[in-house]
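Peer 1: predicted model, plus sequence, below.
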Amino acid sequence: MVINPVRESGLERYWVPSNAESAMFGTKIADEFFGVHTGGDVAFINGVLKIMLADGGVDDAFVRDHTVGFEELRAEIEAESFEELERASGTTRDQMRQFAKLYSDAKTAVLVWSMGITQHRRGTEAVTAIVNLGLARGNIGRRGSGLMPIRGHSGVQGGAEMGAYATAFPGGLAITTENAAALSARYGFAVGDRPGLTAEEIVIAGGRGEIDVLYSSGGNFLDVLPDPGAVETALARVPVRVHQDIVVSSQMLVDPGEVVVLLPACTRYEQRGGGTETTTERRIIFSPEIDGPRVGEARAEWEIFCDLAARVHPDRAELVAFADADAIRAEIAQVVPMYAGVDHLGKLGDSVQWGGPRLGADGAFSTPDGKAHFAVVRPAPDDHAPNSDGSDGGRPETFVLSTRRGKQFNTMVFAETDPLTGAPRDGVLMNGDDALRLEMTAGAPVILRSEHGEMRARVHVASIRSGNVQVFFPEGNVLLPSGIRDPDSGVPDYTTRVEIVPA
């Protein structure tokens, strides 16, 4: 079952060339689709839970024995009206009932989500609602069931768990005085006990003249963050910028305040001693070094960091003096205990899964009280499109816009046409009834206007929930204001409201 504003053709049927049957006939991925408004996930899930409560669909024994906070959530959901839940979600009570029955009757269930959920000003609340739904049926910690957040890149999971994060220490530890003191004792210098700045916060601070040196390892702020014009201005104001990457990106070409330094790095397959990646299922996989030609002066990233640290503080250079990649993995095993075993990885196929096959196995959770915690979340007033039919006080019609990926690799490699949707890079995916009402035909040039900016596009009629539209990332970033983020995660909001007019 799929909950999404767009009925994605790639989720209806997908062709796998390596499988003869799939290559000829395709492989069916999903049976049922529930088209919600962008941001309507909390309302839909609360509606499903409301029906499950009324119809006996909750696993009462699991909830009683292994969770806390359910009665508070029950009180909130029972107080919410179906009329509001329908309006906010964009779905009907019958659709919620259909999903609730299918879900309640299933012996196992895995709940999967990705950046469509998290890249929203209330992304944490949406994830919390998904967790509530999983806990209500006991679908966490048992075979064939669970929660599965999908990362956007294979280096993101492990990088975050190593502490390459503004809001957590290595191993996901909270940033507290106690945890900071432990790291300080190990490394011989004072580790701060306050959260750092997220990527967008760094750029905004740079625009205010508060950043003297910006060191960027990978990434491309200019094409990734909302409001690229403001990002470019901010990057240009930073006196010294250092960009360490495996490719040249557009942010490197922005004229600096004083100087830009480019440090070419090896890919994970080229670095001396190999490296690891961590999958969505928490499996740490070893990637051995591959023989072959190397790019000019490119070096392993860990070697660059070690040399830089030694030059900045020669008297403490021994603290980051690693003979090889094996020595780094040995230190990881000591500093991040959940990565125990990473120091034994050394050949293709080697892997270790932290936390074991299932987290929360047999209802035992890694919380102070050993129980899973429900949390109250409620639909927010702007979780739906209020004015896509022109009925809201005579104001111009607006649509909820979100960004999407096409056939592309991040912000670097693009195909002019997305093979799954058939939409061009400047296409705006639009519901057929909405286009007809606005007297817009497929391929017609239009202008999308938000309160922040505008974008020229061409209409691409798609199976998307009425009142919602989508454009490709990063082209659509010009419509997004900076500074609007989820208050808990700090992730920027990649949705906004737009008016669509003929070009």
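Peer 2: Alright, I've got the coordinates. In this text, all values refer to a predicted model and were calculated from it rather than measured experimentally. Residues are numbered from 1 along each chain as shown.
Peer 1: C-alpha from now on. contacts and neighbour counts both.
Peer 2: Will do.
Peer 1: contacting residues around His460?
Peer 2: 423, 427-430, 442-443 (Cα atoms under 8 Å, 6 or more residues apart in numbering).
Peer 1: just put those in TSV and tack on distance to Asp55.
Peer 2: Listed next are the contacts of His460 as TSV, based on distance: Cα to Cα, whole Å:
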residue	distance to Asp55
Ala423	42
Gly427	43
Val428	41
Leu429	37
Met430	36
Ala442	44
Gly443	47
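Peer 1: filter those down to the buried ones, ChimeraX style.
Peer 2: The buried residues among these can be selected in ChimeraX (16 or more other Cα atoms under 10 Å) with this line:
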select :423,427,428,429,430,442
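Peer 1: between the contacts of His460, which sits nearest Ala330?
Peer 2: Ala423 (47.9 Å; Cα to Cα).
Peer 1: how is the chain carved up into domains?
Peer 2: The record's domain parsing of the chain by automatic domain parsing lists 35-150, 399-502.
Peer 1: just the ones of the contacts of His460 in strands?
Peer 2: When the contacts of His460 are checked against strands (DSSP state E), the matches are 427-430.
Peer 1: what residues are up against Leu253?
Peer 2: Here Leu253 is in contact with no residue (Cα under 8 Å, 6+ apart).
Peer 1: got the contact list for Val63?
Peer 2: Val63 neighbours (Cα under 8 Å, 6+ apart): 70, 135-136, 138.
Peer 1: give me that answer again for 10 Å
Peer 2: Contacts for Val63 (Cα atoms under 10 Å, 6 or more residues apart in numbering) come out as 69-71, 135-138, 363, 371-374.
Peer 1: beyond the helix or strand containing it, next helix or strand please.
Peer 2: If you go by DSSP states H and E, Val63 is part of helix 60-66. The element immediately downstream of helix 60-66 (helix or strand, assigned by DSSP H and E) is strand 67-68.
Peer 1: so what strands line up beside that following strand?
Peer 2: Strand pairing for strand 67-68, determined by DSSP bridges: strand 372-373 (parallel).
Peer 1: how far out from the middle of the chain is whatever helix or strand comes next after the partner strand?
Peer 2: The helix or strand immediately downstream of strand 372-373 is strand 399-404, counting by DSSP H and E. The chain centroid and the centroid of strand 399-404 are separated by 16 Å, computed with Cα atoms, centre = their mean, to the nearest Å.
Peer 1: cool, stretch 281-291 as well?
Peer 2: Worked out by Cα atoms, centre = their mean, stretch 281-291 lies 22 Å from the chain centre.
Peer 1: now swap in stretch 349-363 and tell me
Peer 2: With Cα atoms, centre = their mean as the basis, stretch 349-363 stands 22 Å off its chain's centre.
Peer 1: kindly export it (C-alpha atoms) in PDB.
Peer 2: Only the C-alpha atoms of stretch 349-363 are listed here, as PDB (Å, rounded to 0.1, in the frame of the first residue of the first chain):
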ATOM      1  CA  GLY A 349      31.400  -9.000   1.400                       C
ATOM      2  CA  ASP A 350      32.400  -8.400   5.000                       C
ATOM      3  CA  SER A 351      29.700  -6.700   7.100                       C
ATOM      4  CA  VAL A 352      28.300  -6.400  10.600                       C
ATOM      5  CA  GLN A 353      24.800  -5.200  11.600                       C
ATOM      6  CA  TRP A 354      24.700  -3.000  14.700                       C
ATOM      7  CA  GLY A 355      21.800  -3.600  17.000                       C
ATOM      8  CA  GLY A 356      21.300  -7.100  15.700                       C
ATOM      9  CA  PRO A 357      18.700  -8.300  13.200                       C
ATOM     10  CA  ARG A 358      15.800  -6.300  14.900                       C
ATOM     11  CA  LEU A 359      15.700  -3.300  17.200                       C
ATOM     12  CA  GLY A 360      13.100  -3.600  20.000                       C
ATOM     13  CA  ALA A 361      13.100  -7.400  19.700                       C
ATOM     14  CA  ASP A 362      10.500  -9.100  21.900                       C
ATOM     15  CA  GLY A 363       9.200  -5.700  23.000                       C
END
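Peer 1: what's the average pLDDT for it?
Peer 2: Averaging pLDDT along stretch 349-363 gives 92.
Peer 1: list the buried ones in it?
Peer 2: In stretch 349-363, counting by 16+ other Cα under 10 Å, buried: 351-354, 358-360, 363.
Peer 1: assign Trp456 to helix, strand or coil.
Peer 2: Residue 456: Arg, not Trp. Under the three-state scheme (DSSP: H, G, I helix; E, B strand; the rest coil), Arg456 adopts strand.
Peer 1: contacting residues for it?
Peer 2: Contacts of Arg456 by Cα under 10 Å, 6+ apart are 426-428, 445-449, 475-476, 500-503.
Peer 1: ok, those vs Val254, which is closest?
Peer 2: Nearest member of the contacts of Arg456 to Val254, counting by Cα to Cα, is Glu475, at 18.0 Å.
Peer 1: can you list the weak-confidence ranges in the chain?
Peer 2: Counting by pLDDT under 70, the chain contains low-confidence residues at 152, 382-395, 409-410, 412.
Peer 1: name the residue most distant from the centre of the chain?
Peer 2: Asp315 (39.9 Å; Cα atoms, centre = their mean).
Peer 1: so how far is Ala309 from that one?
Peer 2: As defined by Cα to Cα, to the nearest Å, Asp315 lies at a distance of 10 Å from Ala309.
Peer 1: buried stuff in the helix holding Val63?
Peer 2: For helix 60-66, the neighbour count (16+ other Cα under 10 Å) marks 62-63, 66 as buried.
Peer 1: sorry, back to before: what about the contacts of Arg456, which are in helices?
Peer 2: Per DSSP state H, helices hold no members of the contacts of Arg456.
Peer 1: quick one: residues contacting the closest residue to Gly35 other than its chain neighbours.
Peer 2: Of all residues not flanking Gly35 in the chain, Pro5 sits nearest, at 4.7 Å (Cα to Cα, 6 or more residues apart in numbering). By Cα under 10 Å, 6+ apart, Pro5 lies in contact with 33-41, 89-90, 116, 402, 463-470.
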